[in-house]
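In: predicted model and sequence follow; I will ask about them next.
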Amino acid sequence: MLTFLVDTIEPRPGTSSNTALAATAVVGSLVAFLVAGYFLVAGVGQPRGTGAVSLFQDQLVVDGMSLFFVVIIGSVTSLVSLASFDYLEGQTYQAEYYGLVLLAATGMSLMASANSLATAFVSLELSSLPSYALVAYLKKNRGSVEAGLKYFLVGAVSSSVLAYGISLVYAASGRMGFDAVAEALSTLAADGEFFPGILGIGVVMVLLGFAFKTASVPFHFWAPEAYEGAPAGGDPAVDWVVAAQVLAVVTMTVGNFAAATQEKVKRMLAYSSIGHAGYVLIGLAALTQGTDHGLVLGASMMHLLVYGFMNTGAFLFVALAEHWGVGRTFQDFNGLSTQAPLACAAMTIFLFSLAGLPVGGGFLSKFYLLLATANAGTWLLAGALIVNSALSLFYYSRVVKAMWFEEADGTVEVESYPTSLYAAVVIAAVATV
C-alpha cells in the first residue's frame, strides 16, 4: 500500500519517484526480514520458546520453520527490489512493479504459515497472480508477453486442478486442516483403505496441482519460458516414500540434463532451477521411518536459504550483463572479466556454489543433504545427488570459462556501473559465501 501512496505523491516516472519506490520496497522487505529473524532468535513459535502461535482459528500457524522461510523471502525480496532501481530506470508503472513483487512475497510468507488446504490455496494464488503480471511486465518485449501468457494459462489449469482436488478432499473427509486431513488419511490407512475413491482422487489432484506450481518433472515445461521472458505392494506409506524419491531423482536429473544442452545462459539457469527443486524434494523423499527428521529438514532448509541468494544473484548478474549489452549465449560472455572483474568474480561464486564446490554455502547445504540421505539409507538419492552435482559443474563451468578464459570479441564496452544492481550482486555473493 505504501508504494501506491508514494506513487500518488510523486506519480510521474523519474529519479525521485523511482528512488522513493525502491526505498519503500527495500525497507519494507528488510523490516519483515529483521522482525522474523528477531522472533526466530528469541524462540517465538519454537518448542524451547513460546511454542507455535495459532492465528485465525488455526488457519495460520507461526512456528520456527515459517519464520525461517520469512527470513529467506524477506532477504531475497530486498535484493530484488534493490536491483530493480536501475533495471526500471525510464520504465513506466514502477509502483505497480514494486507492488506486485511485495504482493507475491506476502503470498509466499503466508504460504509458509498456512495450516489448512484453504489458506494454502489462497496464499499460493496470492503469490502466483502477481507473478503472471511480473513475467509479462515488459509489454514491448514479445518474449516477455508470450512467457507471461503461457505461465498464466498453465497456472490457471494447475489452480483449477488444485482447487478441485481440495474440494474432493473436503467432501470425502469433511476437514480442511492439515492435521485433520492427515489424521483422516491415517485412520483409513489403518483400516486398510488407503486413499479410496473420492479421497484418493482428491489427494492425487492436490499433489498434481502443487507439482505444476513447483515445476516438478514432468510438469516443468512452463518454467524455462517464464524465466527467460521475465525481467531479469507392502506398507502403503513406503510406496509414497518411493514415489517421492523417484520424483526427486527424476526432477533433478531431467532439469540438469536439460540445462546441459542449453546455449543461452538464462535458459540454462532456468532448467538448473528445476534441478534444484529436485534437491529440495530430497528432504521429503528422505523422511523415512527411523530417520533423523531434524537433520533432513535442516539440510533442506539450509539449501533453500543458500539457494535463495546464489540463484537470485546469478539472475541479477544476467540482468547486469543485459544492461551492458551482453547477449544471451555463452559466447556473448567471452572475456567479460577484463571489463567487470568484480561482477564476474561474484558470478563465479554463484555458479560454483550452485554446483556444490567448496566456495560458498552451496557446498555445505549439499553436504548436509548427502549426509541426510546416507543417514536415511536412501542410497539412490545420495548417488543421484552426486551425479547431478557433477553434471551441473559441467554447464556452470561453461559460463566461468567464457568470462575468464575466452578472448573478448570487442563488441561489448562496459561504460557504466548501475549502483543498485551492482550492489545487489555483490551483497548476494557475500551472503552466498
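Out: Structure received.

In: you'd agree Leu364 is up against His303?
Out: No: counting by C-beta atoms under 8 Å, His303 is not a contact partner of Leu364; they are 9.0 Å apart. Heads up, the C-betas are built off the backbone N, CA and C, glycines and all.

In: the more surrounded of these two?
Out: His303 (22 against 16; other C-beta atoms under 10 Å).

In: who's in contact with the more buried one?
Out: His303 sits next to His276, Tyr279, Val280, Gly283, Gly362, Ser365, Lys366, Tyr368, Leu369 when contact means C-beta atoms under 8 Å, 6 or more residues apart in numbering.

In: so which strand or helix has the fourth one?
Out: The one in question is Gly283. helix 265-285 (DSSP states H and E).

In: how far does that helix sit from its chain's centre?
Out: Relative to its parent chain, helix 265-285 has a centroid offset of 9 Å by C-alpha atoms, centre = their mean, to the nearest Å.

In: and if you look at stretch 350-360?
Out: 17 Å.

In: can you list contacts of it?
Out: In contact with stretch 350-360 (C-beta under 8 Å, 6+ apart) are residues 272, 276, 306-307, 310-311, 313-314, 317, 348-349, 361-363, 366-367, 389, 392-393, 396-397, 399-400, 428-429, 432-433.

In: just the endpoints, please. Distance across it?
Out: 8 Å (C-alpha to C-alpha, to the nearest Å).

In: how close does Thr378 sit to Val249?
Out: 10 Å (C-beta to C-beta, to the nearest Å).

In: returning to that earlier point: output the contacting helices and strands for the helix holding Gly283.
Out: helix 222-229, helix 236-260, helix 293-323, helix 361-376, helix 379-405 (3 or more C-beta pairs under 8 Å, 6 or more residues apart in numbering; DSSP states H and E).

In: show me what counts as buried in the third one.
Out: Within helix 293-323, the residues that count as buried by 16 or more other C-beta atoms under 10 Å are 295-321, 323.

In: show the subsequent helix or strand relative to it.
Out: With DSSP H and E, the next secondary element past helix 293-323 is helix 341-355.

In: burial of the closest residue to Ala52 other than its chain neighbours, as a residue count?
Out: Using C-beta to C-beta, 6 or more residues apart in numbering and skipping residues adjacent in sequence, the residue nearest Ala52 is Asp63, 4.2 Å away. Neighbours of Asp63 under the rule other C-beta under 10 Å: 21.

In: what's the pLDDT at Tyr164?
Out: The per-residue pLDDT reported for Tyr164 equals 90.

In: ah, wrong one, I meant Ser113
Out: 89.

In: correct me if wrong: it contacts Val62.
Out: Yes: using C-beta under 8 Å, Ser113 makes contact with Val62 at a distance of 5.5 Å.

In: quick check: neighbours shared by those two?
Out: Leu55.

In: show me where pLDDT drops low in the chain?
Out: Residues of the chain meeting the criterion pLDDT under 70: 1-17, 45-51, 90, 188-196, 214-244, 284-294, 410, 412.

In: which residue is nearest the middle of it?
Out: Gly308 (6.6 Å; C-alpha atoms, centre = their mean).

In: just checking, that one touches Val71?
Out: No: with contacts counted by C-beta under 8 Å, Gly308 stays clear of Val71, the gap being 9.5 Å.

In: enumerate every residue touching Asn18.
Out: Per C-beta under 8 Å, 6+ apart, neighbours of Asn18: Phe85, Leu88, Glu89, Gln94.

In: tally of neighbours for the second one?
Out: Residues near Leu88, counting by other C-beta under 10 Å, number 20.

In: isn't it right next to Tyr97, touching?
Out: Yes: taking C-beta under 8 Å as the definition, Leu88 is a contact partner of Tyr97 at 6.3 Å.

In: please identify the buried residues of whichever strand or helix holds Tyr422?
Out: Element membership for Tyr422 (DSSP H and E) is helix 419-432. For helix 419-432, the buried set under the neighbour-count rule, 16+ other C-beta under 10 Å, comprises Ser420, Leu421, Tyr422, Ala423, Ala424, Val425, Val426, Ile427, Ala428, Ala429, Ala431, Thr432.

In: and of those residues, the nearest to Thr253?
Out: Relative to Thr253, the closest of the buried residues of helix 419-432 is Thr432; by C-beta to C-beta it sits at 24.6 Å.

In: quick one: that closest one from Ala259, how far?
Out: To Ala259, Thr432 is 19 Å away according to C-beta to C-beta.

In: cool, and Thr378?
Out: With C-beta to C-beta as the criterion, Thr378 and Ala259 are 24 Å apart.

In: the more surrounded of those two?
Out: Taking other C-beta under 10 Å, Thr378 and Ala259 do not tie; Thr378 has more neighbours (26 against 23).

In: need phi/psi at the more buried one.
Out: phi -90, psi 80 (degrees, to the nearest 10).

In: for Thr92, which three-state class applies?
Out: coil (DSSP: H, G, I helix; E, B strand; the rest coil).
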